[in-house]
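Engineer: what follows is a predicted structure for the sequence shown.
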There are 2 protein chains.
Amino acid sequence: MTDCALCRDDGGLLLWRGEGWRVVRALGAEVAAAPAWYRVIAAAHVAEWSDLPPAGQARAMTLVTAVERALRATLAPTKVNLASLGNVVPHLHWHVIARFDWDSRFPAPVWVPAQRGDDALRLAALRERLPACDAAVVQALDALSITPVQENPR
Amino acid sequence: MTDCALCRDDGGLLLWRGEGWRVVRALGAEVAAAPAWYRVIAAAHVAEWSDLPPAGQARAMTLVTAVERALRATLAPTKVNLASLGNVVPHLHWHVIARFDWDSRFPAPVWVPAQRGDDALRLAALRERLPACDAAVVQALDALSITPVQENPR
């Protein structure tokens, strides 16, 4: 579906692609206040979670769990937030977001207006660690031994 | 943990309780604009999804999927939203929320300020259908043949 942003584009910095799914780190203004924001995105244009067969659901949560574990091990966030909303882009994708008690929305969900100003120093320090976090995410996903798609080598 | 709201209270209208989990419909001002809001709540005080063993994760998503299917069959929502955040109450719980293109936040997440006024007639009609939706949720969960906890008969 060429009118679907997640059929057309990767939806972020592409980190990994396996059978039926890809994992990206989200980029841009949308994630400026919570930049340790990853997405596990279905390859197929499916809207609802319950449209997935059980094997696809199990695969998705295996990937979500691996990403969450990599974020926890690398960044020690206050909390990890998981969400599959899809109101704007009804193409199944899981948000996996490391939250910190100093981030400008915490403890509210990332989508609300800021509760306080950004902590520029901590935010800059977090951004510096994102490449290492990306690498940990890739390593965790590779360790799952899911067949990578050959046309997208890293 | 008596200081945890989801250890102390059901967290909504209790619909079902099975091995390790309960399902409630959320109540109160928090869900006034999107009242078809259900929660799948861990019995144990666990904060993060990746702290659950694989069998617990599989059980949780089986329940979430069953609730989502019941909502779709009963209410035909524009979209179902799933989320496990836990920033305020770090006790694992999944939100399963039927969203409608006329609701006052759509297509934004339910947690943002209203984008428009409530559609009072449609909201009243939705509220009238919630008991039937509750019954469909219970029926879907019972059909999973998960051992109910005997001390909480419906």
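Structural biologist: Good, I have the coordinates.
Engineer: buried ones in stretch A:131-147?
Structural biologist: A:133-134, A:136-137, A:140-141, A:146 (16 or more other Cβ atoms under 10 Å in any protein chain shown). Where C-beta positions appear, they are placed from N, C-alpha and C, glycine not excepted.
Engineer: typo on my end, it should be stretch A:33-53
Structural biologist: A:34-43, A:46-50, A:52.
Engineer: what's the mean pLDDT across that stretch?
Structural biologist: For stretch A:33-53, mean pLDDT rounds to 97.
Engineer: so where's chain A shaky on pLDDT?
Structural biologist: A:1-2, A:146-154 (pLDDT under 70).
Engineer: tell me the residues of it that contact chain B?
Structural biologist: Applying Cβ under 8 Å from any Cβ of the partner chain, we find that chain A lies next to chain B at A:47-50, A:57-58, A:61, A:64-65, A:68-69, A:72, A:78-88, A:90, A:99, A:106-109, A:111-113.
Engineer: Produce a ChimeraX select command limited to the buried residues of the residues you listed.
Structural biologist: Once 16+ other Cβ under 10 Å is used to decide burial, the buried members of these can be selected in ChimeraX as follows:
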select /A:47,48,49,50,57,61,64,65,68,69,72,78,79,80,81,82,83,84,85,86,87,90,99,106,107,108,109,111
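Engineer: now A:H93. Nearest residue, chain neighbours left out?
Structural biologist: Counting by Cβ to Cβ, 6 or more residues apart in numbering or on different chains, A:I41 is the residue found nearest to A:H93 once chain neighbours are left out, at 4.3 Å.
Engineer: one step back: in a markdown table: the buried residues of stretch A:131-147, plus distance to A:W21.
Structural biologist: Formatted as a markdown table, those follow (distance: Cβ to Cβ, whole Å):
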| residue | distance to A:W21 |
| --- | --- |
| A:C133 | 19 |
| A:D134 | 17 |
| A:A136 | 18 |
| A:V137 | 13 |
| A:A140 | 14 |
| A:L141 | 9 |
| A:I146 | 8 |
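Engineer: any chance of CSV for those residues, columns secondary structure?
Structural biologist: Conversion of the buried residues of stretch A:131-147 to CSV gives the following (DSSP: H, G, I helix; E, B strand; the rest coil):
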residue, secondary structure
A:C133, helix
A:D134, helix
A:A136, helix
A:V137, helix
A:A140, helix
A:L141, helix
A:I146, coil
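Engineer: what are the C-alpha coordinates of stretch A:4-20, in CSV please?
Structural biologist: Taking Å, rounded to 0.1, in the frame of the first residue of the first chain, the C-alpha atoms of stretch A:4-20 are listed here in CSV:
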residue,chain,number,x,y,z
CYS,A,4,0.9,3.8,4.0
ALA,A,5,4.0,5.4,5.6
LEU,A,6,5.2,2.1,7.0
CYS,A,7,4.7,0.2,3.7
ARG,A,8,6.6,3.0,1.9
ASP,A,9,9.4,3.9,4.4
ASP,A,10,11.4,2.1,7.1
GLY,A,11,9.9,4.3,9.8
GLY,A,12,13.2,5.2,11.4
LEU,A,13,16.8,4.1,11.4
LEU,A,14,16.7,0.5,10.2
LEU,A,15,18.6,-1.7,12.7
TRP,A,16,17.4,-5.2,11.9
ARG,A,17,15.1,-7.1,9.6
GLY,A,18,13.9,-10.7,10.0
GLU,A,19,11.2,-12.9,8.8
GLY,A,20,8.1,-10.7,8.8
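Engineer: which two of the buried residues of stretch A:33-53 have the greatest separation?
Structural biologist: Farthest-apart pair in the buried residues of stretch A:33-53 is A:P35 and A:S50; separation 31.0 Å (Cβ to Cβ).
Engineer: of the residues of chain A next to chain B, which belong to helices?
Structural biologist: When these are checked against helices (DSSP state H), the matches are A:57-58, A:61, A:64-65, A:68-69, A:72.
Engineer: ok, the residue lying closest to A:A43 once chain neighbours are set aside - contacts?
Structural biologist: Nearest residue to A:A43, sequence neighbours excluded (Cβ to Cβ, 6+ apart): A:G20, at 5.2 Å. When contacts are counted by Cβ atoms under 8 Å, 6 or more residues apart in numbering or on different chains, A:G20 touches A:42-44, A:56, A:59.
Engineer: next one: A:G20 from chain B, what distance?
Structural biologist: Distance of A:G20 to chain B, given as Cβ to the nearest Cβ, to the nearest Å: 16 Å.
Engineer: quick one, phi psi at that residue?
Structural biologist: For A:G20, the backbone dihedrals (degrees, to the nearest 10) come out as phi 90, psi 0.
Engineer: ok, the one 5 residues further on next?
Structural biologist: Main-chain dihedrals, A:R25, degrees, to the nearest 10: phi -100, psi 130.
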